[in-house]
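Trainee: fold the following for me, if possible:
(chains A and B)
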2 protein chains.
Amino acid sequence: MHGKYKALWLNDDGFLEVIDQKKLPFEYETIVLKTTDEIVLAIKDMTVRGAGVIGSVAAFGIYIACLENQNNYADLLVKAKQIRESRPTAVNLMWAVDKMLNLLKNSENLVDDAKAYAIKLNDEEALESQKIAKYGCDIIENILKQKNKKTINILTHCNAGWLAVIDEGTALAPIYEAKKRGIDVHVWVDETRPRNQGASLTAWELTESDVKHTIIADNTGGHLMQSGMVDMVITGADRVSANGDVANKIGTYLKALAAKDNDIPFYVAIPASTFDFNIKDGVKDIPIELRSENEVKYIKGIDNNGVIREVLITPKDSPAVNYGFDVTPARLVTGLITNKGVCEADFDKIQEKFNKQ
Amino acid sequence: MHGKYKALWLNDDGFLEVIDQKKLPFEYETIVLKTTDEIVLAIKDMTVRGAGVIGSVAAFGIYIACLENQNNYADLLVKAKQIRESRPTAVNLMWAVDKMLNLLKNSENLVDDAKAYAIKLNDEEALESQKIAKYGCDIIENILKQKNKKTINILTHCNAGWLAVIDEGTALAPIYEAKKRGIDVHVWVDETRPRNQGASLTAWELTESDVKHTIIADNTGGHLMQSGMVDMVITGADRVSANGDVANKIGTYLKALAAKDNDIPFYVAIPASTFDFNIKDGVKDIPIELRSENEVKYIKGIDNNGVIREVLITPKDSPAVNYGFDVTPARLVTGLITNKGVCEADFDKIQEKFNKQ
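Mentor: Here you go, the predicted model:
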């Protein structure tokens, strides 16, 4: 494996190397993680972030823990617990740790087996991403055909590319596939306040991958859609309820409303593991994370001497609130692009395709 | 006049004193403008901004020009031209200069007359604002009565308060009036990227005026509305077409869509002079200003040493676009709160009330 277009890989010494996403888009640096403590810290301080990427780091983290413990399963359980608890709300993290532990339960060679299983898990995720890429790109081709156009303009929100999900992401996977198929693709990148994952991570990723793009303030998408400058919207999702409501980065709902108002297809790209079948009404019941107001009040950038600085952008004493996600009702979603094909955002259709097999 | 809750006033020496809005919300400083050149510069570099405030500065600017020229009308015309051209797209600026010149055409004492006319113009604007305040606050009281609630939660976008429009603004005027009437009012302040007029100017203004408020990323309003945390939306407008379409700061349209989707009243507060009867279809025909991409790519804040700094928040080479305004279709507007009363955003109703008198 190598660093180009990947968020993490095993380096030549057999340790886990990751891109330090905290420093993007200002500096490209990688960090080698050799111990469980380093794995835990990298997840905690958001050196690595994004559902899929955290899962993969956790899986390789179990391998790193095995390296430290050699062949002691009891010791491994202690280290695994630390990794599992490094971020309390990351479903993929827990899933990956539990899956690895389960696979290793009867292993006689923890180190070699953990390495093999982590690579396998990673490859399986990559395969899911490739399938999302393919199904999503078929939609892009259809839209171009229908409109008899050469260039597709896709609006995306937040970051659901290869910095977030192994190997090419979810929302961005069809875009990378389009580029491979020789389609002229241009991406409108919502900056995605308050954490600016669009303006920092997505714009950086698209630059690295040589995909044409333009950064816009989150306020801008409505005007672009009204003016015929957007052909489709693709976002990722953090959780999709059984009825097809989509929890994703705050602001997604506003773009979905604008897409509906202007008859623009609005797609959500997800691996099937994103469904939460226990929640029947996403708008009502998906819990929304309330994050620190400082993410709204302060912003990080680079000054003209190349120094990364954080500055306050509001009156010091004005309060702010910071909801991390919102829920887009299924009625605004044209379709869910999954590794098992495209599915309507509809309770029965989702049950049929994903929950009754 | 004095500086509290006013963007400009004549000081004890008879010169024009203005709040330096470039430094808000980080530093409160006023600047005394004694010459035409200083007036022109203050408008150009956005020391003063906001439609009404620019108009008033221009009117007082004519008085300052008269002071410089004493009683020479020909010289005044030269200075007036400089003021008139200090910002090319500010309708109020041109209107105020032309009005002053017209009033002064036959004056035998330019200095005294200009001072009197500028004060009169300013007072007339203040009166318009007071009427908007009253009509708007009546709506607030009705909503509280209907909902049987004690606290009103109002979402606003950009800055249309006393830093923008003499004397209490447009969108914020009903809010100040509500406070005067003893209503418990809380304002959700959209930060309003990319220039952050909400997070900087509106939040500062509300702090100064002791109005409860909370700053939110522009992405957040949809979730708040979905969750029952917004009772009404009030924004200002830069131009309203004959059919009631509303051009306002970029992002207004997205909030109007969310308000409609959640049955929340969406009001636009304007002086009657904001109507452009020449434009019959605002969505199609109101021109949208394309501003510098640097307003998206760079942001100004204050570091932890109290130094105001500008930082780059995107990859250096990623392009950005920056449309200044969008147009909210009349169908999403509950009503227009004007100095002549509340009017439906409808061609015939607008004609009847404003254009056939």
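Trainee: nearest to chain B: which residue in the stretch 1-150 of chain A?
Mentor: With Cβ to the nearest Cβ as the measure, residue A:25 is the residue of the stretch 1-150 of chain A nearest to chain B, at 4.0 Å. For glycine as for every other residue, the C-beta is placed from the backbone atoms N, C-alpha and C.
Trainee: would you agree that residue falls within a helix?
Mentor: No: under the criterion used here (DSSP: H, G, I helix; E, B strand; the rest coil), residue A:25 is coil, not part of a helix.
Trainee: distance of residue A:223 from chain B?
Mentor: Per Cβ to the nearest Cβ, to the nearest Å, residue A:223 is found 4 Å from chain B.
Trainee: wait, isn't that residue in contact with residue B:253?
Mentor: Yes: counting by Cβ atoms under 8 Å, residue B:253 is a contact partner of residue A:223 at 6.6 Å.
Trainee: so which of these two has more stuff around it?
Mentor: Comparing residue A:223 with residue B:253 by other Cβ atoms under 10 Å in any protein chain shown, the one with more neighbours is residue B:253, at 29 against 23.
Trainee: so the more buried one sits against residue B:323, correct?
Mentor: No: in this structure, residue B:253 sits apart from residue B:323 without contact. The criterion is Cβ under 8 Å, and the distance is 11.0 Å.
Trainee: any shared contact partners between those two?
Mentor: A shared contact of residue B:253 and residue B:323, defined by Cβ atoms under 8 Å, 6 or more residues apart in numbering or on different chains, is any residue touching both; here these are residue A:223.
Trainee: check residue A:23 and give its pLDDT.
Mentor: In the prediction, the pLDDT value recorded for residue A:23 is 92.
Trainee: how many neighbouring residues does it have?
Mentor: Counted with other Cβ under 10 Å, residue A:23 comes out at 16.
Trainee: next: residue A:348.
Mentor: The number of residues packed around residue A:348, counting by other Cβ under 10 Å, is 10.
Trainee: helix, strand or coil: sort out it for me.
Mentor: When the rule is three-state DSSP, residue A:348 gets the label helix.
Trainee: next one: the closest residue to chain B within the stretch 101-250 of chain A from residue A:253, what distance?
Mentor: Using Cβ to the nearest Cβ, residue A:219 is the residue of the stretch 101-250 of chain A that sits closest to chain B, at 2.7 Å. For residue A:219, the distance to residue A:253 (Cβ to Cβ, to the nearest Å) stands at 14 Å.
Trainee: now do residue A:304
Mentor: 37 Å.
Trainee: do the same with residue A:25
Mentor: 26 Å.
Trainee: residue A:82 now?
Mentor: Relative to residue A:253, residue A:82 is positioned 36 Å away (Cβ to Cβ).
Trainee: now do residue A:347
Mentor: As defined by Cβ to Cβ, residue A:347 lies at a distance of 19 Å from residue A:253.
Trainee: how about residue A:243?
Mentor: Relative to residue A:253, residue A:243 is positioned 15 Å away (Cβ to Cβ).
Trainee: what do you get for residue A:152?
Mentor: Counting by Cβ to Cβ, the gap from residue A:152 to residue A:253 is 23 Å.
Trainee: how about residue A:162?
Mentor: Distance, residue A:162 to residue A:253, using Cβ to Cβ: 25 Å.
Trainee: buried ones in the strand or helix carrying residue A:54?
Mentor: Assignment of secondary structure by DSSP states H and E places residue A:54 within helix A:51-69. With burial defined by 16 or more other Cβ atoms under 10 Å in any protein chain shown, the residues of helix A:51-69 counted as buried are A:51-67, A:69.
Trainee: again, but for stretch A:319-327
Mentor: The neighbour-count check on stretch A:319-327 (16+ other Cβ under 10 Å) flags A:320-327 as buried.
Trainee: and stretch A:135-143, by the same measure?
Mentor: A:135-140, A:143.
Trainee: which of these sits closest to residue B:260?
Mentor: residue A:143 (26.6 Å; Cβ to Cβ).
Trainee: I'd say that closest one and residue A:150 touch.
Mentor: No: taking contact to mean Cβ under 8 Å, the distance of 12.0 Å between residue A:143 and residue A:150 leaves them out of contact.
Trainee: can you pull the contacts of residue A:187?
Mentor: Taking Cβ under 8 Å, 6+ apart, we find residue A:187 in contact with A:153-156, A:175, A:202, A:206, A:211-214.
Trainee: quick one: the strands in the stretch 251-357 of chain A, in order.
Mentor: Per DSSP state E, counting those that start in this stretch, the stretch 251-357 of chain A has strands spanning A:266-270, A:275-276, A:298-302, A:308-312, A:325-328, A:335-338, A:341-343. These are given in chain order.
Trainee: worst average pLDDT in those?
Mentor: Confidence, taken as mean pLDDT, is least for strand A:275-276 of those (a mean of 92).
Trainee: quickly run through the sheet partners of it, with directions.
Mentor: Take DSSP bridges as the rule and strand A:275-276 pairs in its sheet with strand A:239-241 (parallel).
Trainee: next helix or strand past the partner strand?
Mentor: Moving toward the C-terminus from strand A:239-241, the first helix or strand encountered (DSSP H and E) is strand A:246-249.
Trainee: for that next one, the distance to its chain's centre please.
Mentor: For strand A:246-249, the distance between its averaged C-alpha position and the chain's averaged C-alpha position is 11 Å (Cα atoms, centre = their mean, to the nearest Å).
Trainee: tell me which parts of the stretch 51-200 of chain A are close to chain B?
Mentor: Counting by Cβ under 8 Å from any Cβ of the partner chain, the residues of the stretch 51-200 of chain A close to chain B are A:189, A:191-194, A:196, A:199-200.
Trainee: scan those and report the most crowded one.
Mentor: Using other Cβ under 10 Å as the neighbour criterion, residue A:191 leads those with 32 neighbours.
Trainee: excluding its backbone neighbours, what's nearest it?
Mentor: Nearest residue to residue A:191 in three dimensions, chain neighbours excluded: residue A:199, at 3.7 Å (Cβ to Cβ, 6 or more residues apart in numbering or on different chains).
Trainee: any idea of the pLDDT on the one you found?
Mentor: In this prediction, residue A:199 carries a pLDDT score of 97.
Trainee: got it, and residue A:144?
Mentor: If you check residue A:144, the pLDDT there is 98.
Trainee: which residues of chain A fall in helices?
Mentor: Under the criterion DSSP state H, chain A carries helices at the ranges A:36-44, A:51-69, A:73-84, A:91-104, A:110-147, A:173-180, A:197, A:203-208, A:221-226, A:252-261, A:282-285, A:294-297, A:347-350.
Trainee: what's the fifth one packed up against?
Mentor: Judged by 3 or more Cβ pairs under 8 Å, 6 or more residues apart in numbering or on different chains; DSSP states H and E, helix A:110-147 is in contact with helix A:51-69, helix A:91-104, strand A:151-156, helix A:173-180, strand A:232-235, strand A:266-270, strand A:335-338, strand A:341-343.
Trainee: got these as TSV, with distance to residue B:353 columns?
Mentor: Conversion of these to TSV gives the following (distance: least, Cβ to Cβ, whole Å):
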stretch	distance to residue B:353
helix A:51-69	54
helix A:91-104	56
strand A:151-156	38
helix A:173-180	49
strand A:232-235	39
strand A:266-270	38
strand A:335-338	45
strand A:341-343	50
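Trainee: among the buried residues of stretch A:319-327, which two are most distant?
Mentor: Top of the distance list for the buried residues of stretch A:319-327 (Cβ to Cβ): A:320 and A:327, 21.1 Å.
Trainee: do you know which of the helices of chain A lies nearest residue B:280?
Mentor: Relative to residue B:280, the nearest member of the helices of chain A by Cβ to Cβ is helix A:221-226, separated by 17.2 Å.
Trainee: any idea of the mean pLDDT in the closest one?
Mentor: Regarding helix A:221-226, the rounded mean pLDDT is 98.
Trainee: report the contact partners of residue A:250.
Mentor: With contact set as Cβ under 8 Å, 6+ apart, residue A:250 has these partners: A:323-326, B:217, B:219-220, B:223.
Trainee: list just the nearest of the residues you listed to residue A:169.
Mentor: For these, the minimum distance to residue A:169 (Cβ to Cβ) is 18.1 Å, reached by residue A:325.
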